[in-house]
Structures are given as structure tokens and as C-alpha cells.
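Undergrad: Sequence and predicted structure, then a few things I'm wondering about:
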Amino acid sequence: MAITSFYFLCFFSILLILYYSIPHKFQWGFLLVCSAAYCLLAGQGALILYPIVSVGVCHTGTRLLAKTPAQEEKKRRGILLVTILVNIGILFALKYVNFFINTLDGVVHLLGGPENVVPGVNFLVPLGVSFYTFSLLGYVIDVYYGLAEHQENGLRLALYGLYFPNLISGPILKYREHAEQFFMPHAFDYRQVTRGLQRMAWGFFKKLVISERLGVLVNTVYGAYESYSGCYIWVATACYAFQLYTDFSGCMDIVLGLSESLGIVLPENFQTPFFSKSVAEYWRRWHITLGVWMKDYVFYPLLRSKLFTNLNKSLKEKCGKKRGKQYATFAAMFVLWLTVGIWHGGDWKFVIGSGLLHWFYIVMEELLSPPCARMMERLSISAEGRFVAGVRILRTFFLVCIGDLFFRAATLKDAFAMLHKAICVWNPNVFWDGSLLKLGLDGIEFSVMVLTLLLLWVVSMAGRKGPVRDRIAKWPLPLRWAIWYGLLFSVILLGYYGPGYSAAEFIYQGF
């Protein structure tokens, strides 16, 4: 049951009415039942046992941690390690075992051996397995370090782990910051509910009107890339960057708006990432909760570990204090970005396109920033000027698009082939000879795509000064209703949905 479907809207409408009709003390239990029902209605069936097992393991682990005195550090560390390994083991078995099998088969084949030495396995993967696993692991680690209290009620922990909007595409939660509101009573608030519905409508617009339309063009080129080269590939890749953004952020708008209408405020996951002036800044604005989780539970612990402490000390002795610390940080960042790449999927195209390539970008930015700043100073070019800012934004977008090319390509081999065809052929005539109108979208559909992207840009620019909904709320009532009804009918009239058409699942749903 996709959240863009009519059936989901019926499900949510009934949930919303009942949620505010029952006694407040039963609301959290009702949400837990609804979350389980959603998993079953979404075709998960027995797969719901996976998150239930993860919740049970984490609840048992934190209960043992709560009962173990701080003096017994070795025992506490063992409990933490077992709890983490069980959860990571489940995640690994479901998502990554084929990655290592395929890698092994590829190495054997390159050395002259036969293909498919080890056969792959096919596991059905539960909804949002990476999202709920990371949220639960963060809770366990926080309990270990005393940053969060052990949740005695296992059903309440189950709601935190299985909250159905979160299972679709995140965001990744921190128990100590977000869990308590799941269990609080929530009285009906007209303004809160309507604001949530408004945000949901904007999410549906981004997904069904913009993302799905962009997907037609992207699928045409990437589905038969042998027939396209040069600017065709660059246009399709740029369109995919916007498709990925409108798909993922549109899902977040629906999820955050839905939760807001229930009185639950989830963390933001995007802050206009395409206005970023560097790749590092881009990742502070894109999939924010994943970046925060990785820094808190992978990067900083690595830097504090004995291995990296010794490495830092050794590099400082050999390269100097400043360079040594920088190189040690780069090494920890390598592990961080390798983990980010693997998180996105069990394939080398994800490891490179969403991981190591971005590590390389950020390292190069760090190393080249000082000499570039000195050169601009000598040329009397202001680093804060609009022109320079625009160039940096375009440069960042271009670098991100190369990573997205790897992300979208069917295989790593296809990604390198497409990149070669994009670089080696120069055919700008496609922009004026009508060739772009032969990629699955006719003139009207292409115009709708361009105009809706311009609307997205205008809204994003306006949103940099504060929530757009807050400003619209101050306008006269007729104008407000005209805007929101206009948005609703745009989704109904222009959206890709309905009989004979099935909106693609959210791209990040698989993670």
C-alpha cells in the first residue's frame, strides 16, 4: 500500500479520525496497532517479524545494561557488542550478503576462474530495514553511554521502532530527542492538523507531478544508454538529481506532514541542498538525519578510538601537527563514507556514487581551499560575491550529478560507460533541435516539467527565509484557500496516478 495510493489516503483518514476520538492515554497503543496493520496491508506479512526481533533484542540489551553496574564495564561492553552485532547481522543477511558474494565471484572471474562460484541468495527485505535498525541502534548506544533511559515498556519501544510513516523512507530518529512525544497525549488542534495536511499536499505535488514526470525522461535515457551520448546523458543525469530530490524530499513532506497532523514532530531531512556551495555543505543539507547518525555513532567514535588516536599521534610526528591531524581525520572520513556508501545498497555503484566519490570531493575541497583562497585574494576576487557563489553552487551540483550517475546506472560497468559517452561526445544541438522532446515527454509534458521545476525553485528560495506555510497563513483567507486548492487540483490534474498507472515506489524506500 504505497503512501501515494487512494487506499493509503483512506487508511490515514480513518486513522486520523479515530486517533482524536479515542481517550488520549490509548493513542500511542492505537498508533502501534496501526503501524502493525500498515506493515500487513503493505504486503509485508511475516516480514514484520524482523523489526519485532530487532526491537526485542534492543529491549533486552538495554534492560541488561540498566541492571549492570557501571563498574562492570567489560560486561556492559559485551552486552552492547552482542546487541549491535545481532542487529547488524540481520541487516547484513538481508541486504548485503549478495554484495560480498558478487564481489567474490567478480574477483574469481577476473583471475581466470569460472563465473558464479558462489550462488546468490534472495531474501525478502522488510520495509525500511536500514531506517529502523539505525534508529534502534542509536537508542541502545545512547543507553550504554547514559544519554538515554532504558524504556521499560517493550511495546512503547516497538512503537518507536515500527512507527509506520518512518518505515517508508525515514527519517532516522534519536530516541532521546524524539521518542517521548510518541507516548504523550495529543489533543485535536485544527491549525496543527491543517498545517500537516498542507505539507502532505506539497509532498504529493513533488512526488506525483514533478518526480514521476522527470522519471519518464530519466528512464528513457538510462534504460537504453547505448543509444544516447553527450548532452543527452548530462540532461538525464541532471533530471535524475531533481527526480531523486523531489522523490525523497516529497516523501519526507508526506511523512512529516502526516506526523505533524498527529501531533508528532519528526526531524527535518532536507534544507535546500541544491543551494550548497560545497559538497560538504551539500551533505549537511541532504539526508540530514543519516549524516548526523553517521557522525555521532561512526565518525566521532572512530576519532576517539585507540587506533585513530595512535594514528593521529604518529602522523603528527611525521607530517607536523596540523597536517597530521588533517590526514588522520581524512582516514576516519574514508571509513565514514565507505559506511555511507554501503548503507545505500549492496553494490559497488552505491559504494562509489554515494560514498567514496564524495569522500574524494570533500578531501580535495579541504586541500585545495587554502591555495584557491590565496589566488582569489591576489586577483582581488571577493569570495562572498554573488558570481563566485553561483559558480560554486553550479560546481557542487555538477559533482553531485556525477555521483548520481553512478547511483542511477544499472551497474558499475554501465556507470563508467555512460560517463565516458557523456564526456567524449559534444552535441549541444539537442537543446534546440527538438531532440529532448523525443525522450518520452511531448511538448506539453516537457513544459509542465520545466514550469513545475521553476515553481519548486521559487518555493525553495522563499523557504530560505522561513517556512512558506507561515507566510501563506498571514494572507487573506480567499488567497490562502486559492493556493491550497490550486495545489490540490494540480496534483489531481497533473499527477501521474490512477488506474493503469502505478507511481514508482519511493527511491529511498528500498534502504
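TA: Arrived safely, thanks for sending.
Undergrad: quick one: furthest residue from the center of the protein?
TA: residue 378 (40.6 Å; Cα atoms, centre = their mean).
Undergrad: what residues are up against that residue?
TA: If you count contacts by Cβ atoms under 8 Å, 6 or more residues apart in numbering, residue 378 has none. Every C-beta, even on glycine, is put in place using the N, C-alpha and C of the backbone.
Undergrad: any idea how far residue 277 is from it?
TA: 21 Å (Cβ to Cβ, to the nearest Å).
Undergrad: Mind naming the longest helix for the chain?
TA: helix 231-261 (DSSP state H).
Undergrad: Now it: average pLDDT?
TA: Averaging pLDDT along helix 231-261 gives 94.
Undergrad: try stretch 58-65
TA: 94.
Undergrad: May I ask you to confirm that residue 290 is in contact with residue 138?
TA: No. Shown here, residue 290 and residue 138 do not form a contact pair, counting by Cβ atoms under 8 Å, at 11.4 Å.
Undergrad: Mind listing the shared neighbours of those two?
TA: Taking Cβ under 8 Å, 6+ apart as the contact rule, residue 290 and residue 138 both touch residue 172.
Undergrad: List the residues that contact residue 292.
TA: Per Cβ under 8 Å, 6+ apart, neighbours of residue 292: 172, 174.
Undergrad: now it: how far from residue 168?
TA: For residue 292, the distance to residue 168 (Cβ to Cβ) stands at 19 Å.
Undergrad: One more: residue 416?
TA: Where residue 168 is concerned, residue 416 sits at a distance of 32 Å (Cβ to Cβ).
Undergrad: The residue nearest to residue 25 when sequence neighbours are not counted: how many residues sit nearby?
TA: Once flanking residues are discounted, residue 25 sits nearest to residue 185: 6.4 Å by Cβ to Cβ, 6 or more residues apart in numbering. By other Cβ atoms under 10 Å, the residues close to residue 185 number 11.
Undergrad: coming back round to it: give me the more crowded residue out of residue 416 and residue 168.
TA: Each of residue 416 and residue 168 has its neighbours counted (other Cβ under 10 Å); residue 168 has more, 22 against 15.
Undergrad: mind showing which ranges of the stretch 401-511 of the chain have poor pLDDT?
TA: Flagging of the stretch 401-511 of the chain using pLDDT under 70 yields the residue ranges 497-511.
Undergrad: in the stretch 51-200 of the chain, which spans are helices?
TA: Taking DSSP state H, counting those that start in this stretch, the helices of the stretch 51-200 of the chain run over residues 73-95, 97-110, 129-144, 154-162, 164-169, 175-178, 180-183, 190-204.
Undergrad: Which of the ones you listed has the highest mean neighbour count?
TA: Looking across the helices of the stretch 51-200 of the chain with neighbours counted as mean count of other Cβ atoms under 10 Å, the highest average goes to helix 164-169: a mean of 24.
Undergrad: helices and strands around it, which ones?
TA: helix 27-41, helix 129-144, helix 231-261 (3 or more Cβ pairs under 8 Å, 6 or more residues apart in numbering; DSSP states H and E).
Undergrad: Go ahead and name everything in contact with it.
TA: Contacts for helix 164-169 (Cβ under 8 Å, 6+ apart): 3, 34-35, 38-39, 51, 127-128, 131-132, 135, 173, 248, 251-252, 254-255, 258-259, 266, 506, 508-509, 511.
Undergrad: how about residue 312, what does it touch?
TA: 303, 324, 325, 328.
Undergrad: now the second one: how far from residue 262?
TA: Summarising the geometry, the distance separating residue 324 from residue 262, computed by Cβ to Cβ, is 50 Å.
Undergrad: thinking again about what came up before, quick check: phi and psi on the residue farthest from the centre of the chain?
TA: phi -70, psi -30 (degrees, to the nearest 10).
Undergrad: circling back to that earlier point, out of the helices of the stretch 51-200 of the chain, which gets nearest to residue 434?
TA: Nearest of these to residue 434, taken as Cβ to Cβ: helix 190-204 at 31.5 Å.
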